[in-house]
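Novice: Provided below are the primary sequence and the corresponding predicted coordinates.
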Amino acid sequence: MRPEILAPVGDFDMLTAAVRCGAGAVYLGTKQMNARRNAGNFDFEQLKSAVSYCHSHNVKTYLTLNTLTADSEMKTAYETAGKALDSGIDAFIIQDLGVAKIVRSCFPTARLHASTQCSIMTPKGFEMLENMGFSRAVIPREMSLDEIKEIRKSTGMELEIFVHGALCMCVSGQCYMSAMLGGRSGNRGLCAQPCRLKFSADGSDNYDLSLKDLSLISHLGEIQEAGIASLKIEGRMKRPEYVAAAVTACKKALDGEYTKDDENLLKSVFSRSGFTDGYFTGRHNDMFGNRSKEDVTAAAGVLKDLSRLYEKEKQTVRVDFDFTVKEGRDVVLSAKTDKKEATVTIPPAEKAINKPLTKQEAEKRLSKLGSTQYFAGSVNTDIDEGLRLTASQINELRRRAVELLEEDKSEASEKLPFTEIKKRQSQSVPYFTAEFISPDVIPENHPFKRIFIPVYSKDEDFIKHGAGAALPRGLFGAEERLKNRLTQLKKIGVTKILASNAGGYALAEGMGFEVYGGFGINAFNSIVAEMFNSPILSYELTLNQANAVNAKDTGIIAYGKLPLMLTRNCPVKRRIGCEKCKKQGKLTDRKGYEFSVICSPYPCVEILNPLPLYMADKMDEIHTDFIHFYFTDEGKEQVQSIINAYENHLPDEEKFTRGLYYRGVK
């Protein structure tokens, strides 16, 4: 089956370009609650017009509700979903599992597509999404073709893949860099793209977090064979000409007509030092690049030609006519496409004086569909002899029939009432939990109710410390390996798991472990917090928001160098190599701050904030059930000192950050 081409739409000009160039579907956002809040976007009246225009061209529309959503915003999400469904939207693209639950429970007919921001990358994770009611999921950009095929075998859901556009260094949904450094959250639709600035692994002026744009258009044959339903183009912040070029290129590739000239045209309209096929081939080579002056100036020479691709309506929708002209009866014209049917009538035709209506004249008039999206298929006529209709009468019948075909007769969706989320009232004295990257620094006598060490730690360390296992957030192609490791840990008596990935959570839970939700779950509201056992809440919440989350046994990270990025392609390895790094890798930004890069045997690395989060002297303001310590590069004595500070609410004399607990995110 030929996959749909899914085009990005930030305004009506982009919508026109996408539809006229042959997109099978578009995705767009309203003025709020979508991951491109700086795009033009659509108010609800514009949304209704956009959906109607798309449906008249047999093009589907998907609405992005793909941001993390606070309790106070859930009613807005509910209202947005309801208005969008009344406008005829075909599906919602959703990141926040709480929003998904609201939409699924309140609007039973709604179709849900899981955003790539859900950070689902394993068979168990996709199984979980399917059980939650998602009908489609967007595959992470970091997956190889073999890994995609593994997912295809594991789920009955439709799968969608990004085939062209910007490629982020960080795994989608796991980037907190923009939020932490500037208060603009990528998970909330306002990423400031700090990764496009200078970050160097060797002290130079390199851009070691900036990747080229992804383009898999030359691989569409393999992607189609892999059973992918939708080919997604990134770029709701770009120009209509970009959309026109990318959609046209995808169409050509599916028809086996994509050439080097087409690729060069795409590079001219927008690229960052050219394109990369990213992780698709499993090689991870030649991925880095930034937007140069030459890249910017290249667009000037191609924009005018590209605009011609969508300046006129293309006749892509077949319409069949049945035209009946009988003496003494109303004239009837029925028009039918593969999805719609319309019938119009006028009073009976008069007797002809000298020029009666012929079959040929009627067919000619009805086939003149001009600048509409329709072309005439069959024109069946049943005309009595000796009757007269003027050319203007036939034209008016045809025009009215086409107008009726263009009407989007969306019915009001089934809607159940929204239940307000109540704020938590109790104020707990938090207990302590901790995570240690190195088991060697765990104190002998510690106050932690639960401690976790990396799943790949030595068996004897788990036994010695009675520790649970912290699972990696990045599990690309690693589910079977992780399952084998968990089986071994179960044999030596490990019972507790900390999972910061929903797929890992589902796997460990299915194996009978007592599983706890880590920060990568992105529990930003009470609904998500209730879905997971004793979750560590998102550190993009303010302290007041976290305190108010109404779920059983919730906590926050109160100490540690917070992870800012999870990346599959190590910037240090690429720049200086593992031998020189010796697991001491750092990135230096343009201000001289050093960001530690933590590697592991699993396929991703963590990039940490330079300054530790410190809240010991603010303990009286924390009312979650527990606080979590995230120890990374601290020595044993330093760990003991930090514990003492938190037990006694002491201020810190070193440089630290309060994170986002007081300033929040936009």
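Specialist: Alright, I've got the coordinates.

Novice: where does pLDDT dip in this protein?
Specialist: Residue ranges of the chain with pLDDT under 70: 35, 37-39, 410-412.

Novice: so where do the strands sit in the stretch 551-666 of the chain?
Specialist: Here the stretch 551-666 of the chain has its strands, by DSSP state E, counting those that start in this stretch, at 555-560, 563-567, 586-589, 594-598, 605-608, 613-614, 626-631.

Novice: residue 425 belongs to a strand, doesn't it?
Specialist: No. Counting by DSSP: H, G, I helix; E, B strand; the rest coil, residue 425 is not found in a strand; it is coil.

Novice: picking up where we left off before, which one of the strands of the stretch 551-666 of the chain lies nearest to residue 120?
Specialist: When the strands of the stretch 551-666 of the chain are compared by Cβ to Cβ, strand 563-567 sits nearest residue 120, at 13.5 Å. C-beta coordinates here come from the backbone N, C-alpha and C atoms, glycine included.

Novice: show residues contacting that closest one.
Specialist: Outside of strand 563-567, the residues within contact range by Cβ atoms under 8 Å, 6 or more residues apart in numbering are 169-171, 174-177, 180-181, 195, 209, 473-474, 519-520, 595, 604-609.

Novice: next one: that strand to chain centre, how far?
Specialist: On the basis of Cα atoms, centre = their mean, to the nearest Å, strand 563-567 sits 17 Å off its chain's mean C-alpha point.

Novice: what's the answer for stretch 345-364, then?
Specialist: 56 Å.

Novice: can you list contacts of that stretch?
Specialist: Applying Cβ under 8 Å, 6+ apart, the external contacts of stretch 345-364 come out as 323, 325-333, 379, 381, 383, 385-389, 393-394, 396-397.

Novice: re the thing from before, include mean neighbour count when you put the strands of the stretch 551-666 of the chain into TSV, please.
Specialist: Shown next, in TSV, are the strands of the stretch 551-666 of the chain (neighbours: other Cβ atoms under 10 Å):
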stretch	mean neighbour count
strand 555-560	25
strand 563-567	24
strand 586-589	19
strand 594-598	18
strand 605-608	24
strand 613-614	22
strand 626-631	23
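
Novice: how about those in CSV, adding distance to residue 423?
Specialist: Shown next, in CSV, are the strands of the stretch 551-666 of the chain (distance: least, Cβ to Cβ, whole Å):
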stretch, distance to residue 423
strand 555-560, 16
strand 563-567, 28
strand 586-589, 38
strand 594-598, 36
strand 605-608, 32
strand 613-614, 24
strand 626-631, 19
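
Novice: nearest to residue 650, out of those strands?
Specialist: strand 613-614 (10.0 Å).

Novice: what packs against that closest one?
Specialist: For strand 613-614, the packing partners by 3 or more Cβ pairs under 8 Å, 6 or more residues apart in numbering; DSSP states H and E come out as strand 555-560.

Novice: go again using 6 Å as the cut-off
Specialist: Using 3 or more Cβ pairs under 6 Å, 6 or more residues apart in numbering; DSSP states H and E as the contact test, no helix or strand touches strand 613-614.

Novice: contact partners of that strand?
Specialist: Residues outside strand 613-614 that contact it (Cβ atoms under 6 Å, 6 or more residues apart in numbering): 560, 562, 652, 656, 657, 659.

Novice: state the pair within the residues you listed that is farthest apart.
Specialist: Greatest spatial distance among the contacts of strand 613-614 (Cβ to Cβ): 562 and 652, at 15.5 Å.

Novice: who's more crowded, the two?
Specialist: A count of neighbours by other Cβ atoms under 10 Å puts residue 562 above the other of residue 562 and residue 652, at 22 against 15.

Novice: residues contacting that one?
Specialist: Going by Cβ under 6 Å, 6+ apart, residue 562 touches 609, 613.

Novice: now do residue 219: how many residues are near it, please.
Specialist: Other residues near residue 219 number 17, with proximity taken as other Cβ under 10 Å.

Novice: could you look up the SS state of it?
Specialist: Following three-state DSSP, we place residue 219 in the helix state.

Novice: which residue is the nearest non-sequential neighbour of it?
Specialist: residue 280 (6.1 Å; Cβ to Cβ, 6 or more residues apart in numbering).

Novice: tell me the secondary structure at the one you found.
Specialist: Under three-state DSSP, the three-state class of residue 280 is coil.

Novice: from residue 666, how far off is it?
Specialist: 33 Å (Cβ to Cβ, to the nearest Å).

Novice: quick one, which of those two is more surrounded?
Specialist: Shown here are residue 280 and residue 666; by other Cβ under 10 Å, residue 280 has more neighbours (24 against 14).

Novice: so what's residue 58 up against?
Specialist: Neighbouring residues of residue 58 by Cβ under 6 Å, 6+ apart: residue 317.

Novice: please redo it, this time with the cut-off set to 7 Å
Specialist: Counting by Cβ atoms under 7 Å, 6 or more residues apart in numbering, residue 58 touches 317, 339.

Novice: pretty sure it is in a strand, no?
Specialist: No. Counting by three-state DSSP, residue 58 is located in no strand; its state is coil.

Novice: for it, give its distance to residue 408.
Specialist: Residue 58 is 12 Å from residue 408, where distance means Cβ to Cβ.

Novice: same thing with residue 454?
Specialist: Distance, residue 454 to residue 408, by Cβ to Cβ: 53 Å.

Novice: same drill for these two, tell me which one is more crowded.
Specialist: Neighbour totals were compared for residue 454 and residue 408, and residue 454 leads with 20 against 16 (other Cβ under 10 Å).

Novice: which residues does the more buried one contact?
Specialist: 437, 470, 600.

Novice: hmm, back to that, report the buried members of the contacts of strand 563-567.
Specialist: The neighbour-count test (16 or more other Cβ atoms under 10 Å) marks 169-171, 174-177, 180-181, 195, 209, 473-474, 519-520, 595, 604-609 as buried among these.
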